[in-house]
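J.: Attaching a predicted model along with its sequence, questions to come.
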Amino acid sequence: MPTPPESILELDHLSVSFPVTAGVFLRRVGEVRAVDDVSFTIGRGETLGLVGESGCGKTTVGRAILNILKATAYGVEISGKILYHAAGGTVDLAPLGRRAMRPYRTDLQMVFQDPYASLNPRQSVTQIVAEPLAIHSKLSKREQAERVEWLLQKVGLSAEQANRYPHEFSGGQRQRIGIARALATNPKLVVADEPVSALDVSVQAQVINLLQDLQDEFGLSYLFISHDLSVVRHISKRVAVMYLGHIVEMGDGDTLYQRPLHPYTRALLASAPRPTPTARRTRHAPLAGDIPSPMAKPSGCPFRTRCPIARPACAEALPPLTVRDGRLVACPYSE
Amino acid sequence: MTSSESIFRKRIRKFTRLKRGYWSFLLIFGAYFISFFLPLIANSKALVVKYDGHYFFPISGAYHAATEFGVNAIGEADYREIDRAFETEGRGNWVLMPLIPYGPNEPLLDATGSPPNPPSRAHPMGTDDRGRDVLVRLAYGFNISMTFALLVTVIGEGFGIAIGALLGYFGGKLDILGQRGIEIWSSLPFLYTIIIISSVIVPVYLPGQYQLFQPSFWLLVVVLAVFDWMGITYYVRGEFYREKVKDYVAAAMASGVSDTGIVFKHILPNALTPVVSFAPFVIVGNIGSLVALDFLGFGLPAPTPSWGELIGQGMSNLTKWWLVVFPNGVFFLTLLLVVFIGEAVREAFDPREYSRLR
């Protein structure tokens, strides 16, 4: 896998586990490894697509990068490194507390999946978009308002809409407000967590194009999380496929789409809806069964319970990610 | 929609459209506002006295002996008496009395017959068993009941919101232990505790002072508030649990908003719906609590004009109908109007656009 010349973010064996508690005194009876030993890099100005079905840990990866897991999830454990290559040097974000994290908040921002839940219904658009500015910049109220207007125009809204409230906007417009908020502090890396999944197809294209335009204009890097392969293919050159907390295949998008190696990637591609009914159908049948509970993961390869080419050896050890055919893949048996 | 409007403004607009609740609101709080000027409306002290070219303002609380106005009597001047005397003299001296020239704690023993006296022109609701005007006492009692209920509600709910927010936001072991603590506290018998407290601490009454400055009043407010905050914690805690996982909170965290900022600016405004919808009913409950305590004799010390005490008099003088009908009627009417307000508030906070209330 060709490593991009200059990377902005590097995940080094990142694992995130949530405790499972029981009883009156919240005894710890187990844990859910939502992210298990994930490593990847994102280059400057690059978009890395992160694909997988729901519950596979994509969102947790994004939230771990922004360091907002500790505050929301009680007793979460994070191991590994999240190396952020800031202008002044490299820093590991994983162990940082809230105060220590603050200086990096301007560089890392997030666009959320649900445009209805991601905007505080009590705040006007100006208040929403100006909030990061009020915290991190020394701009006066007036300058903040000016920047909000400028940002709104950048994302395709009009300045007159600045004093409205979220409930007065459509889903696509709300997502644009969310993007404006993420851009407010001139970030370097934006984690886009399923930013178009909740939108109509026609609006999806607009928002995707907007994200690409903004990337070109501001030199942004994206971690683009989605379950929709066609969307990811459109926006990102490099793609990582996740299953049950593990990355099973990662590499150049075109290579991956044309010749998927991991059986899970194949199944994902086979189940994706096709825009042209006459297009060639692959031989692979859609996957049988459900995704196993992350509390009781299968031994060895996590995918073996649903894998069409599983063999007894798969239960013994987790197959490592190895370079094969120009990408990283965690399956030694597929052709 | 042409103009922009926050959710709160929208709800207020909806509330004003619900006529029954809105009018109840205006009536109750209008009456409550007026009741603060009761010393100017119902008082035994004159507003203005003109005597021998000089003006006196006894209403300000200044003490004037009867002899100052040329009346041969011991102690403070009886302004109703002086009013009558000046009129018969016709020397240009006059007294301007309040609209109702009787104080709340003033025994009117000069009336014919022994108290309680039935309603008459001078006393439209009669007098109680110590000859005090029932109408005046009910009016003063309204101010005290409302002030008391509002204070208990604000203090109790405020504390409950803070605890509920703390448990809901931080969760985990704090939440588990806090909840068990609240359950233990909730199971303390409220009435027994009040009885014990009031038998240990002797209530102090400072004559002539406004109720709000009485230590016994504040003692009772605090005691009731201490037993009144638990209910709302459950709702606020639940709201916080629901709201804190929403993406707008995650967005605020990703922007570096502090915990206090997230709690107060982001979650709390979205978690107040149950608090506001319950508030009128909590007020009803607190008015009821004060009346009940006064009725049992564990409330505000005598001779505070209180509804519970008057209802108690009605209980022991069942044949004196005006002591039964008027205090109970006023009590009932007040609670009814506040319930109407509560009903309309609940309806205004209902996201459904059309309402069965009008």
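T.: Great, that's in hand.

J.: What residues does the stretch 1-150 of chain A have near chain B?
T.: On the criterion C-beta under 8 Å from any C-beta of the partner chain, chain B has as its neighbours in the stretch 1-150 of chain A the residues A:24-26, A:63, A:66, A:68, A:71-72, A:74-75, A:98, A:101-102, A:105, A:108-110, A:112-114, A:117-122, A:124, A:131-132, A:135-136. Backbone N, C-alpha and C define where each C-beta goes, glycine included.

J.: From these, keep the buried residues only.
T.: Burial by neighbour count, judged by 16 or more other C-beta atoms under 10 Å in any protein chain shown, picks out A:26, A:63, A:66, A:68, A:71, A:74-75, A:98, A:101, A:105, A:108-110, A:112-114, A:117-120, A:122, A:124, A:131-132, A:135-136 from the residues of the stretch 1-150 of chain A next to chain B.

J.: Identify the residues contacting the residue nearest to the spatial centre of chain A.
T.: In chain A, the C-alpha nearest the mean C-alpha coordinate belongs to A:Ile225, at 3.2 Å (C-alpha atoms, centre = their mean). Counting by C-beta atoms under 8 Å, 6 or more residues apart in numbering or on different chains, A:Ile225 makes contact with A:49-50, A:58-59, A:61-62, A:191-194.

J.: next one: B:Glu68
T.: B:51, B:56, B:77.

J.: among those, who's most crowded?
T.: The most crowded member of the contacts of B:Glu68, judged by other C-beta atoms under 10 Å in any protein chain shown, is B:Ala77 (23 neighbours).

J.: Quick check: the gap between the nearest residue to it once chain neighbours are set aside and chain A.
T.: What sits nearest to B:Ala77 in space, not counting adjacent residues and going by C-beta to C-beta, 6 or more residues apart in numbering or on different chains, is B:Ala66, at 4.3 Å. Distance from B:Ala66 to chain A, counting by C-beta to the nearest C-beta, to the nearest Å: 62 Å.

J.: correct me, but B:Ala66 touches B:Glu76?
T.: Yes. With contact defined as C-beta atoms under 8 Å, B:Ala66 and B:Glu76 form a contacting pair (6.7 Å).

J.: Of those two, which one has the most company?
T.: Neighbour totals were compared for B:Ala66 and B:Glu76, and B:Ala66 leads with 17 against 14 (other C-beta under 10 Å).

J.: Next up, the contacts around the more buried one.
T.: Neighbours of B:Ala66 in contact, by C-beta under 8 Å, 6+ apart: B:72-78, B:82.

J.: Go through the residues you listed and give me the one with the most neighbours.
T.: Per-residue neighbour counts (other C-beta under 10 Å) across those peak at B:Ile82, which has 25 neighbours.

J.: Run through the residues that contact it.
T.: For B:Ile82, the contact set (C-beta under 8 Å, 6+ apart) comprises B:46, B:49, B:66, B:69, B:71, B:95.

J.: Which of the contacts of B:Ala66 sits closest to B:Ile267?
T.: B:Glu76 (57.5 Å; C-beta to C-beta).

J.: So, low pLDDT: which residues of the stretch 201-335 of chain A?
T.: A:274-286 (pLDDT under 70).

J.: how distant is stretch A:78-98 from the center of its chain?
T.: Stretch A:78-98 has its C-alpha centroid displaced from the chain centroid by 17 Å (C-alpha atoms, centre = their mean, to the nearest Å).

J.: actually stretch B:193-201, sorry about that
T.: For stretch B:193-201, the distance to the chain centre is 22 Å (C-alpha atoms, centre = their mean).

J.: outside of that stretch, which residues touch it?
T.: Under the criterion C-beta under 8 Å, 6+ apart, residues B:219, B:223, B:227, B:293, B:298 lie in contact with stretch B:193-201.

J.: Now that stretch: buried residues?
T.: B:194, B:198.

J.: Mind checking the pLDDT average for it?
T.: Here stretch B:193-201 scores 79 as its mean pLDDT.

J.: which residues in chain A form strands?
T.: Assigned by DSSP state E, chain A shows strands spanning A:7-22, A:27-43, A:47-51, A:77-86, A:89-92, A:108-111, A:189-193, A:221-226, A:238-243, A:246-252, A:322-324, A:327-329.

J.: among these, which is the most enclosed?
T.: The highest average neighbour count among those, using mean count of other C-beta atoms under 10 Å in any protein chain shown, belongs to strand A:108-111 at a mean of 28.

J.: what helices or strands is it leaning on?
T.: Judged by 3 or more C-beta pairs under 8 Å, 6 or more residues apart in numbering or on different chains; DSSP states H and E, strand A:108-111 is in contact with helix A:58-65, helix A:171-183, strand A:189-193, helix B:247-254.
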